[in-house]
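Novice: sequence and predicted structure are below.
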Amino acid sequence: MPYLPLNIDAEQRQILVAGGGVVAARKVRVLLETGARVHVVAPELVTDLKVLVAAESITRRIGSYERSDLKGHFLVVAATNDVEVNRDIAADARAEGILVAVADDPRIGDCLFPAILRRGKLEISISTAGTSPAFAVEVRNLIAGMIDVGYGLALDQLAAEREKLLTEGNGSTYNKKIMRSRARELIKQLAERKDRVL
């Protein structure tokens, strides 16, 4: 069954990451980029996570996962090195009505982390519905060679033009067509520039 692609504003939302290893650290970094408030529960932390705790970028509880850790969290990431614990976390989170992502078996969670390409405010997410994260990363890397920082700058320019139209009270269908045409024009210019470089 296909997933619902959805961008969620996680800024200042409480997110629990269960696990203190390399995978958990990778998820924590992604979450911090969104402005989320991340709490980690694990008996031990890898160096990257210890640095984040020392910088007060994240909070932590030393110990193994307990169901009470879920309280007050919007999302839970099960990233322990124990398959059964991750399954328990998923079951507990679902019972509490909390979204859960399971690092070692995305199929038992509610959501998953796609491979993301960012160019300013332009975000491109690649997902394989959890079947092959490595494939998603390779596709993202391929697209990264085609979509450079110029696309993010073009987006900023187009957003400013759109804002000007909206503040002038021009939100008509005609103006939507103008913006679509302008977007096509900017993308064509970027593609032609890329072709000249190659």
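Specialist: Good, I have the coordinates. Numbers count the residues shown, from 1 in each chain.

Novice: give me the low-pLDDT residue ranges for this protein?
Specialist: By pLDDT under 70, the weakly predicted segments of the chain are 1, 170-171, 195-198.

Novice: mind checking how far the residue nearest to Arg67 when sequence neighbours are not counted is from Lys71?
Specialist: Distances taken as CB to CB, 6 or more residues apart in numbering place Asp92 nearest to Arg67, at 4.9 Å, with adjacent residues excluded. The way it works is simple: take the backbone N, C-alpha and C, and place the C-beta from them, glycine included. According to CB to CB, to the nearest Å, Asp92 stands 11 Å off from Lys71.

Novice: tell me which of those two has more neighbours.
Specialist: When Asp92 and Lys71 are compared for neighbours, Asp92 comes out ahead with 19 against 10, by other CB atoms under 10 Å.

Novice: let me know the secondary structure of that one.
Specialist: The three-state label for Asp92, taken from DSSP: H, G, I helix; E, B strand; the rest coil, comes out as helix.

Novice: ok, which stretches of this structure are strands?
Specialist: 14-18, 37-42, 59-62, 75-78, 99-102, 115-119, 122-126 (DSSP state E).

Novice: which strands or helices does the longest helix seen in the chain pack on?
Specialist: Taking DSSP state H as the criterion, the chain has its longest helix at helix 173-197. Judged by 3 or more CB pairs under 8 Å, 6 or more residues apart in numbering; DSSP states H and E, helix 173-197 is in contact with helix 149-167.

Novice: about what we covered before: need the winner for burial among the strands of the chain.
Specialist: For the strands of the chain, the stretch with the most neighbours on average is strand 75-78, a mean of 27; neighbours defined as mean count of other CB atoms under 10 Å.

Novice: who's in contact with that strand?
Specialist: Residues outside strand 75-78 that contact it (CB atoms under 8 Å, 6 or more residues apart in numbering): 10, 13, 15-19, 24, 27, 31, 70, 85-86, 89-90, 93, 98-104, 109, 111.

Novice: go again with 7 Å.
Specialist: Contact partners of strand 75-78, identified using CB atoms under 7 Å, 6 or more residues apart in numbering, comprise 15-18, 27, 70, 86, 89-90, 93, 98-103.
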